[in-house]
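J.: when you get a sec, could you give me coordinates for this:
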Amino acid sequence: MKLEKLQRKLIEVARANPPSDRVPLAFEKRIMALISGRPTVDSWAGWAKALWLATAPSLAILLVFSAWAYFTPKSDKSSPELSQQFDNTLLAAVDQDSESAW
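T.: Numbers count the residues shown, from 1 in each chain. You can find the predicted model right below:
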């Protein structure tokens, strides 16, 4: 149902039924105070809590991998290093394009 149509119907029903004398004094003000007094849900609070809880395991993983990288024996120089392999892989497409352009 469209929002405007629903709003129109609710206003028609409200106009057809005028408020009676049975409604207590300042009833609408008390209801509005209860509604405005409710705490709002902070959607970022869940993310912040999860990220703070993830700091300790992240630091532990960082320390384990750092120690592993520091204490592993150096490999022989016959095989290229990972950084060199990575550069060669990334630049392979650029090298092919530059050769075909000339």
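J.: quick check: which element contains Trp52?
T.: Taking DSSP states H and E as the definition, Trp52 sits inside helix 43-53.
J.: which parts of that helix are buried?
T.: Buried residues in helix 43-53, defined by neighbour count with 16 or more other Cβ atoms under 10 Å: none. C-betas here are computed from N, CA, C, even on glycine.
J.: any idea which helix or strand comes after that helix?
T.: Assigned by DSSP H and E, the successor of helix 43-53 is helix 55-71.
J.: the helix holding Trp52 vs helix 55-71, what angle?
T.: Angle, helix 43-53 to helix 55-71, by axes from the mean of the first three to the mean of the last three Cα atoms, to 10 degrees: 40 degrees.
J.: next one: helix 43-53 to chain centre, how far?
T.: 9 Å (Cα atoms, centre = their mean, to the nearest Å).
J.: let's number from 7 now, not from 1
T.: Got it, first residue is 7 now, which makes that one helix 49-59.
J.: centroid residue for this protein?
T.: What sits nearest the mean C-alpha location of the chain, by Cα atoms, centre = their mean, is Trp53, with 6.7 Å.
J.: now tell me what touches stretch 92-102 from outside.
T.: Residues from elsewhere that reach stretch 92-102 (Cβ atoms under 8 Å, 6 or more residues apart in numbering): Pro86.
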